[in-house]
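Asker: Pasting the sequence and the predicted model now:
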Amino acid sequence: MSIDLIIPSFARPDELARALAAANQQRVPFSSIIVVARSNDTATITVAHQAAARVVTVDEPGVLAAMSEGLRHSRADIVAFSDDDAELGPEHTSRLQRHFASSDRKSTRLNSSHVKRS
């Protein structure tokens, strides 16, 4: 069961670096980490590349446009979204896999109590 993580981000490279560090520490790795950034946001793009994330750029402002564009680039069975200032706990992907393996649900919202905010 593949899981992609999409992180829309704009002009918060320090927060994004912490979020990506946490995302890369999953016990079960994400299939892909996709950062959606504005095309002129070079700091965000640089941080994402340094963390080995896929970078997708948008020109349209707003988190919904970024989320939609990220979805268009995902090929995973499960797509998770996170904020650029959230540090996911190391069991995040494992929890998603267990949830979907034991359920007929097509979507869910997991409790965010395991997420540390910067």
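Answerer: That came through, no problem.
Asker: Surely residue 25 and residue 90 touch.
Answerer: Yes - under the criterion of C-beta atoms under 8 Å, residue 25 makes contact with residue 90 at 5.4 Å. C-beta here means a position set from N, CA and C on the backbone, and glycine is covered the same way.
Asker: So which residues of this structure form helices?
Answerer: Secondary structure of the chain (DSSP state H): helices at 13-23, 42-50, 63-73, 92-101.
Asker: Let me know the angle separating the last one from helix 13-23.
Answerer: So the one you mean is helix 92-101. Calculated by axes from the mean of the first three to the mean of the last three C-alpha atoms, to 10 degrees, helix 92-101 forms an angle of 60 degrees with helix 13-23.
Asker: Can I get helix 92-101 in PDB? Just the C-alpha atoms.
Answerer: Taking Å, rounded to 0.1, in the frame of the first residue of the first chain, the C-alpha atoms of helix 92-101 are listed here in PDB:
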ATOM      1  CA  HIS A  92       2.200   8.300  10.800                       C
ATOM      2  CA  THR A  93       2.500   6.100   7.800                       C
ATOM      3  CA  SER A  94       2.100   2.900   9.800                       C
ATOM      4  CA  ARG A  95      -1.200   4.300  11.300                       C
ATOM      5  CA  LEU A  96      -2.500   5.200   7.900                       C
ATOM      6  CA  GLN A  97      -1.700   1.700   6.600                       C
ATOM      7  CA  ARG A  98      -3.400   0.000   9.500                       C
ATOM      8  CA  HIS A  99      -6.400   2.200   9.200                       C
ATOM      9  CA  PHE A 100      -7.000   1.600   5.500                       C
ATOM     10  CA  ALA A 101      -6.100  -2.100   5.700                       C
END
